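Novice: coords please:
(chains A and B, ligands or ions: 2)
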Amino acid sequence: MARNARYQDKYLQNFKEHLKELISINCISKAYRTGRGKVQALSDISLFVETGMTLTIMGKSGSGKTTLLNCIGGLEGPDTGSVECFGVDIHALSNRDLSLFQRRNMGFVFQYGNLLSYLTVFENIAFPLILNGFRNKEKERRVSELLDKMELSDAARAMPNELSGGEAQRVAFARAIAHSPGMLLADEPTASLDTETGNKLVKLMLTMGKDEKCTIIISTHDQEIIKLSSKSSYIKDGKMKGPENE
Amino acid sequence: MPFLFWIKTASLFLVRSRRSTAVLILMIFSAVSTLIFLASLAVGINDAMIRNSVSLYSGHISGFNLPVNVRIKSLFTDGVSNVLMRIPVPGVVSYSGKMAAVTLIAVDPVEEKKSTAVWKKIIKGKYLEPGKNQILLSKSVAEQLNAGPGETIVFSPDHDSPPVQLALTGIYNTGIYQLDRDIAFCQIAALPSKAAYWNAAIFLNDAADKDLILAGYNKAYLKKSLFKTWSDLMPDLKQLIDLNYISMSIVMVLVFGVVSLGIACAFSIFILKNIREYGIMKAMGVSPYETLLLIFSEVILLNLTASFMGIIGGIAAVLMFQKTGIDLSVYTSHNQYFIVSGVIFPRLTAYSVWLAPCLALVFSVFAAIWPATLVIRTNTSRILRSI
Ligand SMILES: Nc1ncnc2c1ncn2[C@@H]1O[C@H](COP(=O)(O)OP(=O)(O)OP(=O)(O)O)[C@@H](O)[C@H]1O
Ligand SMILES: [Mg+2]
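Specialist: Ligands and ions are numbered 1, 2, ... in the order given. Predicted structure coming up:
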């Protein structure tokens, strides 16, 4: 009997340890009230992503990809269900704690207009580093390293409106991973780019994500990207259609 | 460090959104500098009313019943520009069978001309000349006696001294009731007998504190004499000046109320125009408190810059007119508070310099509350989906 209990304890302990390595999305639903009536943007979605994995979320326009990513990143709350990132139920956190969790553990890349338009490329990439209390030297070293990898060293002092779409998305990506977050959420990061530039960016993301041991969740309707990722899910009208390849 | 970081970021936002910042600065700058000038003008108008009222005759402080052993010199303290001796003698003036009761005031004509303005109010003849046995009559007394300049007037004091003969040198009319009724002037040396007491008219520099000087006199001479400032002797003027300050303050608050509506709209647009930036920051984990810190740093920095420029602009405008003054005689010629001169010299005081910038700061901080709350209340995903 006692032995059994000890076994259960140990099992639970292991399970909890395991949870810390996971992003788990448990039965989340989200509806919007609109002029067209109630729109069920997400219904009953559950997902698990392990550390270092890349999950691609596929779906047509309006299927709920952005809504799902925003719920995972804590930018909006689901009506029901929960999102646990590394063992923390992020929607149960206070505003302040959620902010602190986001600044430490998350990086976002949106479809367009990612950059703070009043800050230079350098200042944009340095922003999350300052929020996370990096020292000046460390900060400068990290930013130049990222600029190097993104082949943007000469653009450090440029303002965002002086960049091409591809360059801007690379800066956004550099900023999203600058503070080595545990997870990167990218919502159609290549949608505003041509196929070739887009593919180059995604490849860069995936290789760098591996290097940094970062879990990547990326939404797209580009078939090419699926081939590069470790796992992909398909959603249609807010419903999960299951992983297509593992 | 983080606090400084937000202030630095706020200033980068301001510097790099050049046009919006410039427009907002221009609005606050012009409001602040205009109001500083207007407030200084109000102070100048009050100064002019006081200067006119005291410099006609009475001085800023009047001393009564000073024993003759108190010297004029001993009343000169810090901030006092002149002290005039006056000896009132009640009596009767007569001329060719007609009589009138007067208070004959013995003065020093040379000193009077330096500090007072009765000599500018002569309507017939001349003012008293030093060293002569002359008398100057107010218009009403001269009309009672039906006498003109050059005639000889007899003055009989109420007490036992013998009557004296004085040559009528001129007739004055100030327009101030108390000065125009039953008053005559002569030289101190022309008095029939030595007086035991005298009255003092004490004139102060513009910035001197009359109450402080009064307190000094009271401490030294209170036992036998009585000192009063113009605000005790002319309560109507005192009230008018208080009224002037109050109405100026009300005007300032109202003007700023209206201006602040404009500023509020501009600030709202300025903040909401950047709402996407705040949304991106929120997604990066900037907390609501830090967002507020950033927005209010922007508002306060912008305000301090604009107010600083406004203060300099306002002060420059005041300095420009401080020497020459602004001549408003056309609007003051029938006014008893501007009897000597209608020229206004705007003057800077703590009140006129600080009221406007303080109001600007308070109003713009209030104006920023609504858009700032909107920014931190609005869902991040909604911010990022719009536009
Ligand atoms: N703030 C909102 N208010 C009302 N309805 C919304 C809102 N946001 C999204 N929706 C609706 O929810 C559904 C899912 O939208 P979502 O943006 O998640 O789709 P998506 O898959 O990202 O589309 P796209 O590929 O075009 O970006 C859509 O039908 C949309 O109209
Ligand atoms: Mg979308």
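Novice: all contacts plus neighbour counts: C-alpha atoms, from now on.
Specialist: OK.
Novice: If you drop the residues flanking it in sequence, what lies closest to residue 165?
Specialist: The chain I'm using is chain A. For A:Gly165, ignoring the flanking residues on the chain, the nearest one in space by Cα to Cα, 6 or more residues apart in numbering or on different chains is A:Leu193 at 6.6 Å.
Novice: wrong one, chain B
Specialist: B:Val154 (4.6 Å).
Novice: before we move on, back to that, let me know the helix or strand that the residue nearest to A:Gly165 is in.
Specialist: Remark: A:Leu193 resides in no helix or strand, with elements defined by DSSP states H and E.
Novice: thinking again about what came up before, just to check, the residue nearest to B:Gln165 is in contact with B:Val93?
Specialist: Yes: judged on Cα atoms under 8 Å, B:Val154 makes contact with B:Val93 at a distance of 5.6 Å.
Novice: which of these two has more neighbours?
Specialist: For the pair B:Val154 and B:Val93, the greater number of neighbours falls to B:Val93 (27 against 18), based on other Cα atoms under 10 Å in any protein chain shown.
Novice: how about that one, secondary structure?
Specialist: Following DSSP: H, G, I helix; E, B strand; the rest coil, B:Val93 is assigned to strand.
Novice: Next up, phi/psi of the residue nearest to it when sequence neighbours are not counted, please.
Specialist: Of all residues not flanking B:Val93 in the chain, B:Phe155 sits nearest, at 4.5 Å (Cα to Cα, 6+ apart). When quoted as degrees, to the nearest 10, the phi and psi of B:Phe155 stand at phi -110, psi 120.
Novice: what about B:Phe155, distance to B:Leu136?
Specialist: 12 Å (Cα to Cα, to the nearest Å).
Novice: before we move on, what about B:Ala39?
Specialist: Distance from B:Ala39 to B:Leu136, by Cα to Cα: 41 Å.
Novice: What is the three-state secondary structure of the residue sitting nearest the centre point of chain A?
Specialist: Nearest to the mean C-alpha position of chain A, by Cα atoms, centre = their mean, lies A:Leu185 at 1.2 Å. Three-state call for A:Leu185 (three-state DSSP): strand.
Novice: Spit out the contact partners of it.
Specialist: Neighbouring residues of A:Leu185 by Cα atoms under 8 Å, 6 or more residues apart in numbering or on different chains: A:Leu69, A:Gly73, A:Met106, A:Gly107, A:Phe108, A:Val109, A:Ile216, A:Ile217, A:Ile218.
Novice: just A:Asn124 next, same as before
Specialist: Neighbours of A:Asn124 in contact, by Cα under 8 Å, 6+ apart: A:Leu115, A:Leu116, A:Val171, A:Arg175.
Novice: So which of the residues you listed are in strands?
Specialist: Among these, no member is found in strands (DSSP state E).
Novice: Could you list which of these also contact chain B?
Specialist: Contacts with chain B are made by A:Leu115, A:Leu116 out of the contacts of A:Asn124, judged by Cα under 8 Å from any Cα of the partner chain.
Novice: out of the contacts of A:Asn124, who has the most neighbours?
Specialist: A:Arg175 leads those on contacts (other Cα under 10 Å) with 29 neighbours.
Novice: Quick check: phi and psi at the residue nearest to B:Gln165.
Specialist: phi -100, psi 130.
Novice: any idea how far ligand 1 is from it?
Specialist: From B:Val154 across to ligand 1, the span is 102 Å (Cα to the nearest ligand atom, to the nearest Å).
Novice: Could you give the bridge partners of that residue?
Specialist: B:Ser94, B:Gln165 (DSSP bridges).
Novice: still on that earlier bit, want to try CSV for the contacts of A:Asn124, with distance to B:Leu293 as columns?
Specialist: As requested, the contacts of A:Asn124 are exported to CSV (distance: Cα to Cα, whole Å):
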residue, distance to B:Leu293
A:Leu115, 20
A:Leu116, 17
A:Val171, 26
A:Arg175, 22
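Novice: So for B:Phe155 and B:Leu136, which residue has more residues nearby?
Specialist: The neighbour count for B:Phe155 versus B:Leu136, taken as other Cα under 10 Å, is higher for B:Leu136 (28 against 25).
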